[in-house]
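J.: build the 3D model from these lines:
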Amino acid sequence: MERRKFLVGMGSLAAGSAAAMGTGAMSITQSNRNVDVNVVADDQGAIGLKDVSSGDFIKQSSGELGIDFARGTGDGVSVGAKIELGDINVQGPDLAKDWGYTGTPAFKIVNQAPAETYDITFTYELDNSASLNSNGSALAFYNFKNTHYSPLRVFDGSPEAVSGQSGVYEQSDFLDQYSGLSPGEAINMAVAVNTDFSNSDTSEDISGSLTISATPH
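T.: I've put the predicted structure just below:
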């Protein structure tokens, strides 16, 4: 296991070191794909991650997928910024807060198992549960498989906030009610950060951990 820090704080919304994610590092039941993360760099795992981006925010090397909003500068993202990794069809005016789905993906989640179909759940937990302002900044993981999509949005007041668990956001209403993720199939993923809201400021911190759970369908 390795630990890599992916800090999405506001002032420099610092992503000084990348979020590193193993390309196939998931166990069948559950595994962390963190922003402050445990990494298993095993590209032979049952569920894999594949970089399909053309920019320099995402890098894949030695079995790891890294996302770095600072693009190696260490300066991070300023307040007033909107960043899309991949192409996102947003169904409203507010990137990272409104419903939508991945158009052109930044990376893919691939079922590499030979004979098992999985349901996928996305869970994000903030490092500091009290770090987001009302009408402040947002982070979102948009997805798409066939005609199905259910984004995971992280902001104060998000519909994906888990009741009774401060700072925890979850999206499980994705594939379990449909056909799941069959062998060889992929989920198209895109990531958005929006720090251009009236109460976005340098006190905010969206760093945390993304957990992708894969369970038999």
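J.: in this structure, which helix or strand is least confident?
T.: Between all helices and strands in the chain, the lowest mean by mean pLDDT, DSSP states H and E belongs to strand 36-39, at a mean of 28.
J.: C-terminal to that one, what's the next element?
T.: strand 47-51 (DSSP states H and E).
J.: so for that following strand, what gets flagged as buried?
T.: Of the residues in strand 47-51, I47, G48, L49, K50, D51 count as buried by neighbour count, 16 or more other Cβ atoms under 10 Å. For the C-beta atoms, the positions are set from N, CA and C on the backbone; glycine is no exception.
J.: ok, the second one to L85 distance?
T.: Meaning G48. 18 Å (Cβ to Cβ, to the nearest Å).
J.: ok, N89 to D127 distance?
T.: 30 Å.
J.: what does A190 give?
T.: Going from A190 to D127 by Cβ to Cβ gives 23 Å.
J.: of the two, which one has the most company?
T.: The residue with more neighbours, out of A190 and D127, is A190; 25 against 17, by other Cβ atoms under 10 Å.
J.: give me the nearest residue to D173, chain neighbours excluded.
T.: Closest residue to D173 apart from its sequence neighbours, by Cβ to Cβ, 6 or more residues apart in numbering: S150 at 5.2 Å.
J.: run a quick neighbour tally on the one you found.
T.: 17.
J.: flag the shaky bits of the chain, pLDDT-wise.
T.: Flagging of the chain using pLDDT under 70 yields the residue ranges 1-45, 59-77, 174-177.
J.: what about the helices in it?
T.: Assigned by DSSP state H, the helices in the chain number zero.
J.: isn't A138 right up against A96?
T.: Yes. Contact criterion Cβ atoms under 8 Å: A138 and A96 qualify, at 3.8 Å.
J.: who touches both of the two?
T.: R153, F155, A192, V193, N194 (Cβ atoms under 8 Å, 6 or more residues apart in numbering).
J.: and which of those is nearest V162?
T.: R153 (12.6 Å; Cβ to Cβ).
J.: please give me every residue in contact with the nearest residue to that closest one once chain neighbours are set aside.
T.: Using Cβ to Cβ, 6+ apart and skipping residues adjacent in sequence, the residue nearest R153 is A140, 4.5 Å away. Residues counted as contacts of A140 (Cβ under 8 Å, 6+ apart) are L95, A96, K97, P151, L152, R153, V154, V191, A192, N194.
J.: hang on, the second one packs against L139?
T.: If I follow you right, that is A96. Yes. Between A96 and L139 a contact is recorded at 6.1 Å, counting by Cβ under 8 Å.
J.: anything in contact with each of those two?
T.: R153, F155, A192, V193.
J.: residues contacting N146?
T.: Counting by Cβ under 8 Å, 6+ apart, N146 has contacts Y178.
J.: 6 Å instead, please
T.: Not one residue lies near N146 by Cβ atoms under 6 Å, 6 or more residues apart in numbering.
J.: that one and Q171, how far apart?
T.: Distance from N146 to Q171, by Cβ to Cβ: 17 Å.
J.: residues near P114, how many?
T.: P114 has 8 neighbouring residues, counting by other Cβ under 10 Å.
J.: grab the nearest non-local neighbour of it.
T.: In this structure, P114 finds its nearest non-sequential neighbour in P183, 5.9 Å apart by Cβ to Cβ, 6+ apart.
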